[in-house]
Structures are given as structure tokens and as C-alpha cells.
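> sequence? don't have it. structure:
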């Protein structure tokens, strides 16, 4: 008998003894639900529930479950937290505990199931239902086996002899994952084990049958109790909204669109602020939910910096710009991918998840560029207020509008002077005490460096530094 079972037995004896003398004593049961896919939100709920249960000094932790499974990494974290909880854990399976749900259920001290319920079928599959490589299956087999073993053995008297048997047989737990495992009288090779309520009771994977929470607690011998339930906060609900694929795609569109508009206008304005807010709303919920790590956000920020350096510091468009765009796409893509993909290295399942995330990012980016280009013209041409910020009148030469003295500038070909400002590559030069717009043909030209005019193009002098 494990220490945990001994603690449970002593608690039951203590509660029973106290109740003889004080019927007013009330047990506190903390309850939360696992009635959705096992993913980051359920793991977050489990963490908060366990913290609150400890703070309230709850006597029992009760989980109301009905799930078809979910992600292996989060199921592993949940079952570990339940195994390490200091007081007994009860799970009421209100119909199904399949795949990752079976792993979590086996971690509980007591399991009660509704009639017609099922537990098992814990083979790891991808989104299409196809079994993933054996390294995943091996990982799941090991977790199922060790979770069953954690409950230890119990004494059974047969024909006057006492023998110790597993409270939950590890071989049966493992056969819920691997169809190759044969358990005499329980499972045949070639099929993954799934137990009905009655079969689970007979094999020690369920303590009893119940049709409600109240019946499950009565079957566990608990009568005088109060139940405190986990209530998701407004913050929790907002986080769930932000991490949905649709909202993530929209946030990516705002990020890219904001950067695009900011590059089209001088100074720091609303587009950049909108992009920064969208980036925070994109990465923060993923980080809080345990999906994204720090490095994805760092890669994204590094990409933005590289892109800005390429556009504002380095002339032309080269390595820094390409690296910046690549880093931005990588940060946004890998931020959407579960950590379990990186734990097992490159696999077919991991490649599919990367492709899915990459597709969402690219579609959002393309849509953002298209909308930005189309919207920039519509925004200033059709809006009665913003339209005043754009020029609509065409300045014709025959109306007297002249941009530059082209004759004068053409005559400057071969002339020499000095840089009036730094040319990086654009700036101004001074020739014969007159200042002209100019662009450096090669590299940078520092202020006061001697220059020579090569030619004129579009109203700008193209110059080189005289060494």
C-alpha cells in the first residue's frame, strides 16, 4: 500500500471517527471540469484549480470529466499534477474518458463512471485519426504504465492466502495504447483496449457506477460536504478568444498592415502603435497558455529590427531585409505550434503542424498586404475627413508648375562640390554655394566630403565621393 493510499485510509477513518462526535463537521470538495479537448486551456484551469484547492485547504479534488482526448504534453502535465496533489482526487466520468482523458483519469485516486461510459483508446493519433510514429506511442505507453503503477498494490485474500495485486494493472493500462499488447482474458492482440463501465469496475479501473456527481460522492462514502467550483474569469475568456485561429489570423493582418502603413509615412504614428498592440495580443496569450516560448517573440522582434535597419539605414535591399522578413514569418509561425512538436524532433505530424501554422501566417500576410494597398487609396480618397489629408489636384506644367530647373541640373554634370548632409544614400550637396538634392551612387558619403556629379535623374543629382 502506498503512502497516498495510507493517507486516504487514515483520512477516511478520521472523518468517520469525528463524525460520531460532531455531525456538524463538513468536508470541503473543490470541483472543476474537463469537458473539452485536452489542450492548453485545460492545463491552465487545472493549475489554477489546484492552487485554489490548496489555498482553501480542500479535503478532496473532484473532476467532472467528459472528453475524447487531446494533446499528449498537456495530459502529461495534468496527470503529474494530480499524482502530486496532497489530498485524494476523485474523477466522475460523465460518459467518456478517451485517449488523453484516460491517462488523466488513471491518475485519480477514485474513478466513478456513468452507465454506458467508456475509458481507454489512448493510442496517439494526428488530426486525421492516423497513428503517429512509434516514438509517440512509446512515450504514451510509458506514461500509462507508470501512472497505473503509482497507485501501488493492494492485499487480496484468496483461499485463505493473502496476495498483493496491482490496484490498477499497468499491463491493462498499456494495452489501451498498444494493440500489440495481449492481456489474458482482457484484450486481444490487434485491438486497442477500451473498457465499458462494468468492465472498468471488474478490472479495478473504476470504483463504482454513478449517474451524477452526488451519486459518485455518495458511493465514495462522502455525505456531509460542501462543493466549491472553479469559475473562469473574464481574463480566461479573453485569452481563449485571442488564441483561436481566426483571431490569430486577424492579429497577424493588423501586425503586417501596421508595419506597412508605418513604412509609408514619416515618424511614429498610429499604424506602428496598432502593430505593437496586435503583436502583444498575439504572443501574450500563446505564452500564457504554454504554447509559445520566449524565443518565438524574440525572433519576431529581431525580424522587425532587421527589416527597419534594411529600409532606413542600409541602401538597397539585401541580406538584412530578407533575414528580417524570414524572422518575422518564423516568429509568427512557430508561436502557434505546440511545444510537443519540438520535444520529439522532426516527424510527419510535426511537419503537418508547421505547414498548417505557416499557411495561416502566409494567408494572413498576403491578405494584409492586399487590403493595405487597396485600403490606403480608398481611405484617403473616399473618406470625407481623411480625404483632406491627400492631394487630389494634378499639377500640370502648362499651368505653371515646375519642379526643378532641369536645364540647370543637366549643366552640373561633371561639377564638383561637397556633401552638405550625410548621403545615406540620399541627402543634399552644395555646389557653387547652392544646395541640391542628391543621391550617392556608391556607398555612404559623409558630410563635407568632396563629391562629383555623374548625372541627373528625376530631379536628383547622382554623385560619387572623390577619394
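Received the coordinates, thanks. Note that this is a predicted model, so its numbers are computed, not measured.

> C-alpha from now on. contacts and neighbour counts both.
Fine.

> tell me which element residue 90 falls in.
Element membership of residue 90, judged by DSSP states H and E, is strand 89-98.

> now residue 322
According to DSSP H and E, residue 322 maps onto helix 319-334.

> in that helix, what's buried?
Going by neighbour count (16 or more other CA atoms under 10 Å), the buried part of helix 319-334 is 320-321, 323-334.

> going by distance to residue 285, which of those wins?
Taking CA to CA as the measure, residue 332 is the one of the buried residues of helix 319-334 closest to residue 285, at 13.1 Å.

> hang on, isn't that closest one packed against residue 301?
No: with contact defined as CA atoms under 8 Å, residue 332 does not count as touching residue 301 (10.3 Å).

> quick one: residue 428 is in a helix?
No: checked against DSSP: H, G, I helix; E, B strand; the rest coil, residue 428 lies outside a helix; its state is strand.

> could I get the contacting residues of the nearest residue to it once chain neighbours are set aside?
Among residues not flanking residue 428 along the chain, residue 437 sits closest, at 4.6 Å (CA to CA, 6 or more residues apart in numbering). Taking CA atoms under 8 Å, 6 or more residues apart in numbering, we find residue 437 in contact with 426, 427, 428, 429, 459, 460, 461.

> which SS class is residue 437?
Criterion first, three-state DSSP; result for residue 437: strand.

> what's the separation between it and residue 429?
From residue 437 across to residue 429, the span is 7 Å (CA to CA, to the nearest Å).

> tell me the pLDDT of residue 467.
According to the prediction, residue 467 has pLDDT 72.

> again, but for residue 118
The score at residue 118 is 96. That number is its pLDDT.

> tally of neighbours for it?
23 (other CA atoms under 10 Å).

> right, and it touches residue 199 too?
No: with contact defined as CA under 8 Å, residue 118 does not count as touching residue 199 (9.3 Å).

> wait, residue 431 sits on residue 420?
No: counting by CA under 8 Å, residue 431 does not reach residue 420; the two are 9.3 Å apart.

> once you drop chain neighbours, what's closest to residue 200?
Closest to residue 200 by CA to CA, 6+ apart is residue 206, at 5.1 Å.

> against residue 78, how distant is the residue nearest to residue 428?
Distance of residue 437 to residue 78, computed by CA to CA: 66 Å.

> go on, residue 282?
25 Å.

> ok, residue 227 next?
21 Å.

> neighbour count winner among the two?
residue 78 (23 against 14).

> got the angle between the helix or strand hosting that one and strand 89-98?
If you go by DSSP H and E, residue 78 is part of helix 72-83. Counting by axes from the mean of the first three to the mean of the last three CA atoms, to 10 degrees, helix 72-83 lies at 160 degrees to strand 89-98.

> over to the residue nearest to residue 200: give its phi and psi.
Phi and psi for residue 206, reported as degrees, to the nearest 10, are phi -160, psi 130.

> how about residue 151?
phi -90, psi 0.

> that one and residue 144: what is the separation?
For residue 151, the distance to residue 144 (CA to CA) stands at 12 Å.

> sorry, back to before: I figured the residue nearest to residue 200 hits residue 111, correct?
Yes: using CA under 8 Å, residue 206 and residue 111 qualify as a contacting pair, with a distance of 4.8 Å.

> tally of neighbours for residue 183?
Residue 183 has 14 nearby residues by other CA under 10 Å.

> sorry, that was for residue 132
Residue 132 has 16 nearby residues by other CA under 10 Å.

> ditto for residue 54
With other CA under 10 Å as criterion, residue 54 counts 17.

> got a pLDDT number for it?
95.

> now it: phi and psi?
Dihedral pair for residue 54: phi -70, psi -40, per degrees, to the nearest 10.

> against residue 47, how distant is it?
Between residue 54 and residue 47 the distance is 11 Å, computed by CA to CA.

> mind checking the SS state of residue 85?
Going by three-state DSSP, the secondary structure assigned to residue 85 is coil.

> quick check: which element contains the closest residue to it other than its chain neighbours?
Once flanking residues are discounted, residue 85 sits nearest to residue 50: 7.6 Å by CA to CA, 6+ apart. Assigned by DSSP H and E, residue 50 belongs to helix 40-55.

> from the chain's centroid, how far away is the helix or strand following that helix?
Elements were assigned by DSSP H and E; along the chain past helix 40-55, the next helix or strand is strand 60-67. Strand 60-67 has its average C-alpha position 24 Å from the chain's average C-alpha position, going by CA atoms, centre = their mean, to the nearest Å.

> who are the packing partners of strand 60-67?
Applying 3 or more CA pairs under 8 Å, 6 or more residues apart in numbering; DSSP states H and E, one finds that strand 60-67 contacts strand 27-34, strand 89-98, helix 100-106.

> circling back to that earlier point, measure the residue nearest to residue 428 to residue 260 for me?
Between residue 437 and residue 260 the computed distance is 26 Å (CA to CA).

> before we move on, what about residue 131?
From residue 131 to residue 260 the distance is 43 Å (CA to CA).

> and those two? which has more neighbours close in?
Neighbour totals were compared for residue 131 and residue 260, and residue 260 leads with 18 against 14 (other CA under 10 Å).

> that one belongs to a strand?
No: read with three-state DSSP, residue 260 is helix and lies in no strand.

> buried residues of stretch 233-251, list them for me.
Within stretch 233-251, the residues that count as buried by 16+ other CA under 10 Å are 239, 242, 243, 248, 249, 250, 251.

> thanks a lot, see you next time.
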